[in-house]
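*Asks:* can't give you the sequence, but here's the structure:
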């Protein structure tokens with residue numbers, strides 16, 4: 001079918017004008033009602049600054065927080081995808097034990113507040129498991145090259161245990177939702193696909209890999225993308241254990257400069273810088289993978 005083209009209408013123009021009027025009114029009330037002194041000119045120096053010692057521009061508080069948020073979201077998203085995929089396969093398989101473990105995991109993670117999980121995993125992983133595995137000792141005795149790699153791909157070496165705890169917590173929490181999304185995609189594939197694969201002599205592993213999962217992921221792509229975008233936003237909660245991601249850096253900067261609105265508007269724009277390209281990219285993939293017979 002032909003794709004329907006959208007065009008701007010008078011209602012769209014009116015809504016846009018109302019939105020702009022609302023923004024202007026909010027700015028006026030903040031300035032007049034709260035006697036707020038705007039100072040946007042100092043914000044750029046908290047994003048990037050010139051280091052006289054090295055003779056180059058380097059990331060400052062807000063950009064450092066943004067980079068930490070990107071690293072945290074990437075590793076947590078990768079682990080969450082692994083957890084969700086394995087749990088979804090176990091949930092749809094014939095193993096009673098696999099079904100029980102998957103069901104318990106999903107229900108436990110979905111019914112506990114992420115803040116509670118953060119504290120549980122932080123104090124357990126940082127104080128017990130990290131000590132048992134020797135993670136802190138490894139980081140302390142690591143060479144400069146290893147410490148540089150840790151700083152580039154993860155976080156500062158002295159915060160590695162807390163970063164690992166935050167990453168694992170987010171991955172486990174989001175993995176439960178991804179498991180349900182992937183499970184719905186697998187169960188949404190027609191049963192005739194399984195029967196045809198069985199008739200051809202394919203094993204369950206090969207059927208999932210070559211037939212079921214490609215169709216399932218195509219169906220759940222928008223929902224899957226929405227959950228990853230939610231993960232980026234949920235990463236702000238790890239600021240409670242002093243992970244220096246974007247929200248934590250904003251809180252510290254606001255406390256020292258009292259530029260409340262400027263700081264949080266800038267942080268909001270930085271989050272949009274992460275989430276909007278993801279939404280646009282998913283829309284592009286969805287159109288690219290759309291079959292000719294699909295409705296648009």
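*Replies:* On my side now, so go ahead. Here the structure is a predicted model, which is why all the values come from computation and not from measurement.
*Asks:* mind listing the helices in the stretch 101-250 of the chain by residue range?
*Replies:* Under the criterion DSSP state H, counting those that start in this stretch, the stretch 101-250 of the chain carries helices at the ranges 114-124, 130-133, 135-141, 144-153, 160-188, 191-199, 204-207, 213-234, 246-257.
*Asks:* now the fifth one against helix 191-199, angle please.
*Replies:* Between helix 160-188 and helix 191-199, the angle formed by their directions is 90 degrees, by axes from the mean of the first three to the mean of the last three Cα atoms, to 10 degrees.
*Asks:* separation between residue 93 and residue 190?
*Replies:* For residue 93, the distance to residue 190 equals 18 Å [Cβ to Cβ, to the nearest Å]. Yep, even glycine has a C-beta here, placed from its N, CA and C like the rest.
*Asks:* And these two? Which one has more around it.
*Replies:* residue 93 (15 against 10; other Cβ atoms under 10 Å).
*Asks:* which residue sits closest to the more buried one, ignoring its sequence neighbours?
*Replies:* residue 99 (7.0 Å; Cβ to Cβ, 6 or more residues apart in numbering).
*Asks:* Please identify which helix or strand holds that neighbour.
*Replies:* helix 96-110 (DSSP states H and E).
*Asks:* Bridged to residue 49, which residues?
*Replies:* Bridge pairing for residue 49 (DSSP bridges) gives the partners residue 58.
*Asks:* if I pick it, what's in contact with it?
*Replies:* By Cβ atoms under 8 Å, 6 or more residues apart in numbering, the residues touching residue 49 are 57, 58, 60.
*Asks:* And the second one, how close does it get to residue 262?
*Replies:* So that's residue 58. 21 Å.
*Asks:* ok, the two, which is more surrounded?
*Replies:* Neighbour count, other Cβ under 10 Å: between residue 58 and residue 262, residue 262 has more, with 20 against 12.
*Asks:* what residue ranges in the stretch 151-296 of the chain score low on pLDDT?
*Replies:* For the stretch 151-296 of the chain, the stretches with pLDDT under 70 are 289-296.
*Asks:* one more time with 50, if that's ok
*Replies:* 295-296 (pLDDT under 50).
*Asks:* show me the contacts for residue 258.
*Replies:* With contact set as Cβ under 8 Å, 6+ apart, residue 258 has no partners.
*Asks:* actually residue 154, not the one I typed
*Replies:* 71, 75, 160, 163.
*Asks:* Any chance of CSV for these, columns distance to residue 50?
*Replies:* Compiled in CSV, the contacts of residue 154 are given as follows (distance: Cβ to Cβ, whole Å):
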residue, distance to residue 50
71, 24
75, 31
160, 29
163, 28
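*Asks:* Taking these, please make a ChimeraX selection of just the buried ones.
*Replies:* To isolate the buried ones among the contacts of residue 154 in ChimeraX, judged by 16 or more other Cβ atoms under 10 Å, type:
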select :71,75,160,163
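*Asks:* what is the rounded mean pLDDT of the helix or strand containing residue 86?
*Replies:* Assigning secondary structure by DSSP H and E places residue 86 in helix 61-92. Across helix 61-92, the average pLDDT comes to 93.
*Asks:* Next, the buried residues of that helix.
*Replies:* Buried-residue list, helix 61-92, by 16+ other Cβ under 10 Å: 61-69, 71-73, 75-77, 79-81, 83-92.
*Asks:* So the residue of the chain positioned farthest from its centre versus residue 210, what's the distance?
*Replies:* The outermost residue of the chain relative to its centre, with distances by Cα atoms, centre = their mean, is residue 199 at 40.3 Å. Separation of residue 199 from residue 210 (Cβ to Cβ): 15 Å.
*Asks:* now swap in residue 106 and tell me
*Replies:* 26 Å.
*Asks:* Please apply the same query to residue 173.
*Replies:* Taken as Cβ to Cβ, the span from residue 173 to residue 210 is 31 Å.
*Asks:* Mind checking which of the two has more residues around it?
*Replies:* Taking neighbours as other Cβ under 10 Å, residue 173 and residue 210 compare with residue 173 leading, 23 against 11.
*Asks:* Pull the contacting residues for that one.
*Replies:* 80, 109, 114, 117, 234.
*Asks:* Out of these, which end up buried?
*Replies:* 80, 109, 114, 117, 234.
*Asks:* check contacts around the last one.
*Replies:* In other words, residue 234. Applying Cβ under 8 Å, 6+ apart, the residues contacting residue 234 are 114, 170, 173, 174.
*Asks:* Would you mind confirming that the second one makes contact with residue 80?
*Replies:* The reference is to residue 170. Yes - judged on Cβ atoms under 8 Å, residue 170 makes contact with residue 80 at a distance of 7.1 Å.
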